[in-house]
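Undergrad: Please work out how this folds:
(one chain, ligands or ions: 1)
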Amino acid sequence: MALINENYLKLPGSYLFAEIARRVAKFKEDNPSANIIRLGIGDVTRPLPEAVIKGLHTAVDEMADGRTFRGYGPEQGYQFLIEKIIATDYQSLGINLDVDEVFVSDGSKSDVGNIQEIFGVDNKVAITDPVYPVYLDTNVMAGRSGDLLNGKFAGVTYLTCNADNNFTPSLPEEKVDIIYLCFPNNPTGTTLPKGELKKWVDYARANGAIILYDAAYEAYIQEPGIPHSIYEIEGAKDVAIEFRTFSKNAGFTGTRCAFTVVPKTVMAATKDGSQYPLNKLWNRRQTTKFNGVPYIVQRGAEAVYTPAGQQQIKALVSYYMANAKTIREGLKSVGLAVFGGVNAPYIWLKTPQGYDSWSFFDKLLHDVNIVGTPGAGFGPVGEGYFRLTAFGSQESTQEAIDRIKTQLSL
Ligand code: MLT
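TA: The predicted structure is shown next:
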């Protein structure tokens, strides 16, 4: 008889955003005329930048011509894109990378989910609480979590991030091997200054740990002194893997293109204690299980690095950051405590007195037809918090805030 992977049975019934979609669909069915404003999932709404569209069109034409048609590309991504990534995103920060240290992929969600495959099952994993659910759920699926007891997996180290510690995780008391960090943070929208990130790099170096650094929102950093890449921290190239995406800076959530940096100097140990480069393992994993991102899409991503593309993505980020400001100020004006939204497209708020995360979700949906994300869905410490995204249109964001100000009784 075929047996299932029983680790899946340890997971909550459905993925957070699937559960929200289910509740919203039910509400819409019961209230077909409701004009719902969706500020829940962090999905972009603006069209792709013109430069990207141009890059995509040219590549489509190439695929229509026998002389320029392409079949399978390199699993790791085309060199034309990787070279631009290195020059624009890293050399500008004083970071040098080799072309075989960057792996182009179809998304950071897949990469942060898949990366745990190259690590042994006995590693102790640390995540922040609250956290982007993919880091935790994929480790549960792999059998690295232990059982769920009172809302927490017994084998996972949770790093509390709340208003009391200014959303700054403390180093763990017990020794951990794999640490997931995401800054600017999803879901709290807060950041980590260089000095704080350095503590983690130093910890990893001292303890033989690896940091999986999700920098999906780095383009949203507005203030100086906040690292755009973990490799800005000395020594990080020995202990950190970094994930970046075109989803949030260039609107690729539906187009799919991202990249993961695995420096050849990042090592982990075999059971007999010898050191092995993770770059080699990730390359082996990708070449076995992945056939690369479509040529057309990589040409679209390449266009992000043209002067016009760079200017257009800056304009996109500014557009969404204006929404972040509208949300922050609007919520503050009705007396809510708000966090994030200054260097990130997420605003994290304390739910009003008398509401937990899900009851506030229901209230917003039912009373003012606004969809947000309950903080409890991101982990136990997220209870009592709520997330709104700045990725809506400026008109609908303004409308949402107007409704909250005038129609929501708290
Ligand atoms: C979110 O809402 O947290 C995002 O959609 C995460 C993602 O990009 O998968």
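Undergrad: Now do the strands in the stretch 51-200 of the chain.
TA: 102-105, 125-129, 148-149, 152-153, 156-160, 178-182 (DSSP state E, counting those that start in this stretch).
Undergrad: any idea of the mean pLDDT for the third one?
TA: Taken as a whole, strand 148-149 carries a mean pLDDT of 92.
Undergrad: roughly how far out does it sit from the chain middle?
TA: On the basis of Cα atoms, centre = their mean, to the nearest Å, strand 148-149 sits 25 Å off its chain's mean C-alpha point.
Undergrad: Paired strands for it, with orientation please.
TA: strand 152-153 (antiparallel) (DSSP bridges).
Undergrad: what pLDDT, on average, does the strand it pairs with get?
TA: 96.
Undergrad: Name the residues that touch it?
TA: Contacting residues not belonging to strand 152-153 are listed as Lys10, Leu136, Val140, Ser145, Gly146, Asp147, Tyr158, Pro380 [Cβ atoms under 8 Å, 6 or more residues apart in numbering]. Quick note: C-beta positions are derived from backbone N, CA and C, even for glycine.
Undergrad: Help me confirm that the fourth one comes into contact with Lys10.
TA: Yes. Checked against Cβ atoms under 8 Å, the pair Ser145 and Lys10 is within contact range at 6.7 Å.
Undergrad: between these two, who's got more neighbours?
TA: In this view Ser145 and Lys10 are compared by other Cβ atoms under 10 Å, and Ser145 has more residues nearby, 21 against 15.
Undergrad: For the residue of the chain found nearest the ligand, give its distance to His57.
TA: As assessed by Cβ to the nearest ligand atom, the ligand sits closest to Gly42 within the chain, at 3.2 Å. For Gly42, the distance to His57 equals 28 Å [Cβ to Cβ, to the nearest Å].
Undergrad: So for those two, which sits in the more crowded spot?
TA: Gly42 (22 against 13).
Undergrad: can you pull the contacts of the more buried one?
TA: Gly42 is in contact with Asn186, Lys248, Pro345, Tyr346, Thr389, Phe391, counting by Cβ under 8 Å, 6+ apart.
Undergrad: Do I have it right that the fifth one meets Ile37?
TA: Spelled out, it's Thr389. No. Look at Thr389 against Ile37 with Cβ under 8 Å: they stay out of range, at 11.0 Å.
Undergrad: Mind telling me which of the strands of the stretch 51-200 of the chain the model trusts least?
TA: strand 148-149 (a mean of 92).
Undergrad: which residues touch it?
TA: With Cβ under 8 Å, 6+ apart as the test, strand 148-149 has contacts from Lys10, Ala154.
Undergrad: how about the helices in the stretch 251-400 of the chain?
TA: Remark: helices assigned in the stretch 251-400 of the chain by DSSP state H, counting those that start in this stretch are 278-289, 295-303, 307-333, 357-368, 394-407.
Undergrad: what's the average pLDDT for the first one?
TA: When pLDDT is averaged over helix 278-289, the result is 98.
Undergrad: Now do the buried residues in that helix.
TA: For helix 278-289, the neighbour count (16 or more other Cβ atoms under 10 Å) marks Leu278, Asn279, Leu281, Trp282, Asn283, Arg285, Gln286 as buried.
Undergrad: Pull up the residues of the stretch 151-300 of the chain that are close to the ligand.
TA: Residues of the stretch 151-300 of the chain lying close to the ligand by Cβ under 6 Å from any ligand atom are Asn186.
Undergrad: Buried deepest among the helices of the stretch 251-400 of the chain, which one?
TA: helix 295-303 (a mean of 24; mean count of other Cβ atoms under 10 Å).
Undergrad: Tell me which other helices or strands that helix touches.
TA: The helices and strands touching helix 295-303, judged by 3 or more Cβ pairs under 8 Å, 6 or more residues apart in numbering; DSSP states H and E, are helix 50-63, helix 79-85.
Undergrad: Give me the packing partners of the last one, helices and strands only.
TA: Applying 3+ Cβ pairs under 8 Å, 6+ apart, one finds that helix 79-85 contacts strand 102-105, helix 295-303.
Undergrad: so for it, what's the average pLDDT?
TA: Across helix 79-85, the average pLDDT comes to 98.
Undergrad: Can you show me the CA trace of it as CSV?
TA: Output in CSV follows, covering the C-alpha atoms of helix 79-85 (Å, rounded to 0.1, in the frame of the first residue of the first chain):
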residue,chain,number,x,y,z
GLN,A,79,24.3,34.6,-18.4
PHE,A,80,22.9,37.8,-19.9
LEU,A,81,20.5,38.2,-16.9
ILE,A,82,22.9,37.0,-14.2
GLU,A,83,25.6,39.4,-15.3
LYS,A,84,23.2,42.3,-15.0
ILE,A,85,22.0,41.2,-11.6
